[in-house]
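>>> here you go, sequence then predicted model.
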Amino acid sequence: MEQKKSQEGLNVKKNENFSEWYTQVTEKAEILDIRLGIKGFTIIRPWGAGIIENMFKFFENELQKNGHKPTFMPSVISKENLTKESEHVKGFTPQVFWLKDINEGQELALRPTSETVYTPMFKLWIRSWRDLPMKLYQRAHVFRLDTKATRPLIRGREFIWIECHDAFKSKEDAEKQVQEDINVTEKVMHQIFGVPFLPMKRPEWDKFAGAEYTVGSDCFMPDGKLIQQPSTHLMGQKFSKAFGAEFENENGKKEFLWTTAYGPAISRILVSVITTHGDDSGLILPYSLSPVQTVIVPIFTTKNKEKVIKKSEEISSKLKKLGIRTELDSDSEKRPGEKYHLWELKGVPFRIEIGEKEIEKKEVTFFTRDTKEKTNMKITDLKKIPSLGKEFDKRLLEKADNSFKNRIEEGNSEKEIKKILDTGKVAKVNFCSTDKEGVECAQIVEKRLGGEVRGTLANSNEKSNGKCPFCGKPAKKVVYIGRSY
Ligand SMILES: [Zn+2]
């Protein structure tokens, strides 16, 4: 029995071997399965897909509130369209899966991203400034032939995301959209999912292929490395010029559209949800995201089974009526202890244990996943679960924010910066430049420190002082240097 238990649960600690912890938790909590064995393609199981579905709802709800309309676009792009914008082609061509239509003799790309699908449609759909802004999005799978080592959900050749493509009449409006996108990341990923991030305006050499500039969101993994989450890009007029997508302005003159793109990769954000909140017993899912918010485990003998199950069903339907996603685990094959173990591994926020003793007292035993506290709760008090859920999520957020704050440190010399990176932190550094002049210093950072210049803090006027520690030139930017996935 003991051996079976250790096989089912995690046999590694998150702090001691994070990489192995991640592998075990994603497989044993039934988030994913990689046994099909195609490099870079992962199967997401119902438990993982249930979380993803909820994540989609929160993002889409926010996007729709801001005026975005849903669309579904083809998964393939003609070679002619994909190759229209020259920087975009250069950046993406090495990563494209090509399909050949044998009958038509046409080459098609499996979409790596969809600027070259939306822009030609903007050209057809937008006539004048009255049609603007046009804000569209889709839920989509995208494909990138990544040649580096793949890791399930972290780096794959297929991922699940939302891509927003918006068109505006002026640069000013487009830049406001970039800001709105950062705010959506803040509102949804940080405030609801409990995952803090640094909004980083990427250096010139690290922006999206074809963009004027890119703001990425950097989140911490428990090992101190950064993982990039939603990015937003000011495309400017680069794509509209490549496709001839014009509109008539208020003065009756033709102008090229200003466009932006925003891409929350939901399957990748799931990585941050898992790794930010999980512990040595498994996942801890935010109440807002968990496919099951409360699980009911009846404790019975053959003698009182009927009575206990009946009461459990009563409670279950009561909770469902309150809008609480509830599961009654009445499987007779497993002992209660095994069930506790499994639902803790899967990260369900609350568990109700109910047996003969509890029924007599008109109460339940109530277990909370993050604090692992067990209390007695009156059955009439179960209506408090939604508000306890809010407190649950608030605790996760506060805990994540506290550990995030301690992970940024100032570094003024190469030696100091190295030490910061080696201790699993990000260094805040006075740096020469995030334009082309800074490339050489960025390469030093990469070669000698194994780190990356992630960019400057968006929406902030952090003033640089002193000299760049790598070239000695006067510092013009305050940048953040970290190691990354
Ligand atoms: Zn420098």
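Cool, got the structure.
>>> can you give me phi and psi for the residue of the stretch 51-200 of the chain found nearest the ion?
Here the residue of the stretch 51-200 of the chain nearest the ion is Met200; by C-beta to the ion that distance is 18.1 Å. Placement of C-beta: from N, CA and C, glycine included. The phi and psi torsions at Met200 (degrees, to the nearest 10) take the values phi -110, psi 120.
>>> list the contacts for it?
Going by C-beta atoms under 8 Å, 6 or more residues apart in numbering, Met200 touches 215-218, 454-458, 480.
>>> with Lys418 instead?
Lys418 neighbours (C-beta under 8 Å, 6+ apart): 448-449.
>>> again with Asp146
40, 95, 155-157.
>>> pLDDT score assigned to it?
Looking at Asp146, its pLDDT reads 83.
>>> which element follows the helix or strand hosting Glu344 toward the C-terminus?
Assigned by DSSP states H and E, Glu344 belongs to helix 336-345. The helix or strand immediately downstream of helix 336-345 is strand 350-354, counting by DSSP H and E.
>>> show me what that next one is packed up against.
In terms of contacts (3 or more C-beta pairs under 8 Å, 6 or more residues apart in numbering; DSSP states H and E), strand 350-354 is packed against strand 294-298, helix 305-321, helix 336-345, strand 363-368, helix 385-405.
>>> got phi/psi on Trp129?
phi -60, psi -20.
>>> my error: substitute Leu132 in the last question.
phi -110, psi 150.
>>> excluding its backbone neighbours, what's nearest it?
Lys169 (4.7 Å; C-beta to C-beta, 6 or more residues apart in numbering).
>>> wouldn't the one you found be in contact with Trp258 here?
Yes: between Lys169 and Trp258 there is a contact under C-beta atoms under 8 Å: 7.0 Å.
>>> per the record, what domains does the protein have?
Structural domains assigned to the chain are 10-277, 294-384, 408-482, following automatic domain parsing.
>>> kindly reformat these as CSV containing distance to Tyr287.
Formatted as CSV, those follow (distance: least, C-beta to C-beta, whole Å):
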stretch, distance to Tyr287
domain 10-277, 10
domain 294-384, 5
domain 408-482, 28
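>>> quick one: which of those domains is nearest Phe392?
domain 294-384 (5.2 Å; C-beta to C-beta).
>>> give me the distance between the two termini of that closest one.
Terminal residues of domain 294-384 are spaced 12 Å apart (C-alpha to C-alpha, to the nearest Å).
>>> what is the mean pLDDT for it?
What domain 294-384 shows for mean pLDDT is 96.
>>> from the contacts of Met200, which is closest to the ion?
Of the contacts of Met200, the one sitting nearest to the ion (C-beta to the ion) turns out to be Thr456, at 14.1 Å.
>>> put the alpha carbons of the helix or strand containing the closest one into PDB.
Take DSSP H and E as the rule and Thr456 turns out to sit in strand 452-457. C-alpha atoms of strand 452-457 as PDB (Å, rounded to 0.1, in the frame of the first residue of the first chain):
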ATOM      1  CA  GLU A 452      19.600  38.300 -20.900                       C
ATOM      2  CA  VAL A 453      18.800  41.900 -21.000                       C
ATOM      3  CA  ARG A 454      15.000  41.700 -20.700                       C
ATOM      4  CA  GLY A 455      14.300  45.300 -21.200                       C
ATOM      5  CA  THR A 456      13.200  48.500 -19.400                       C
ATOM      6  CA  LEU A 457      10.200  48.700 -17.100                       C
END
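>>> does it reach the ion?
No: applying C-beta under 5 Å from the ion, one finds strand 452-457 separated from the ion by no less than 9.8 Å.
>>> ok, stretch 465-484 next?
Yes: for stretch 465-484, a contact with the ion is found by C-beta under 5 Å from the ion, at 468, 470-471.
>>> CSV for the contacts of Asp146, including secondary structure, pLDDT and distance to the ion?
Formatted as CSV, those follow (DSSP: H, G, I helix; E, B strand; the rest coil; pLDDT from 0 to 100; distance: C-beta to the ion, whole Å):
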residue, secondary structure, pLDDT, distance to the ion
Gly40, coil, 93, 36
Gln95, helix, 91, 30
Arg155, strand, 93, 29
Gly156, coil, 94, 35
Arg157, coil, 95, 35
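>>> tabulate these (JSON lines), appending neighbour count and distance to Lys254.
Shown next, in JSON lines, are the contacts of Asp146 (neighbours: other C-beta atoms under 10 Å; distance: C-beta to C-beta, whole Å):
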{"residue": "Gly40", "neighbour count": "19", "distance to Lys254": "43"}
{"residue": "Gln95", "neighbour count": "16", "distance to Lys254": "34"}
{"residue": "Arg155", "neighbour count": "17", "distance to Lys254": "43"}
{"residue": "Gly156", "neighbour count": "20", "distance to Lys254": "42"}
{"residue": "Arg157", "neighbour count": "19", "distance to Lys254": "41"}
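>>> closest to Leu132 among the residues you listed?
The closest of the contacts of Asp146, once distances to Leu132 are taken by C-beta to C-beta, is Gln95, at 31.5 Å.
>>> so Gln138 sits right up against Lys69, yeah?
No: using C-beta under 8 Å, Gln138 is not in contact with Lys69, being 10.0 Å away.
>>> which one of the two has more residues nearby?
With neighbours defined as other C-beta atoms under 10 Å, Gln138 and Lys69 compare such that Gln138 has more, 17 against 10.
>>> what's the helix or strand for the residue lying farthest from the centre of the chain?
Farthest-out residue of the chain from its mean C-alpha position, per C-alpha atoms, centre = their mean: Lys303, at 48.2 Å. Taking DSSP H and E as the definition, one finds Lys303 inside no helix or strand.
>>> same question, Ser330
Using DSSP H and E, no helix or strand contains Ser330.
>>> dump the residue contacts of it.
Per C-beta under 8 Å, 6+ apart, neighbours of Ser330: 298, 309, 312.
>>> per-residue pLDDT, Gln7?
pLDDT, Gln7: 50.
>>> measure stretch 474-485 end to end?
Terminal-residue distance, stretch 474-485 (C-alpha to C-alpha): 30 Å.
>>> list the residues that contact Asn430.
Applying C-beta under 8 Å, 6+ apart, the residues near Asn430 are 412, 464-469, 475, 477-478.
>>> what's the following helix or strand after the helix or strand of the chain with the lowest mean pLDDT?
Sorted by mean pLDDT, DSSP states H and E, the helices and strands of the chain end with helix 2-8, the least confident at a mean of 48. Sequence order places helix 18-28 as the next helix or strand after helix 2-8, per DSSP H and E.
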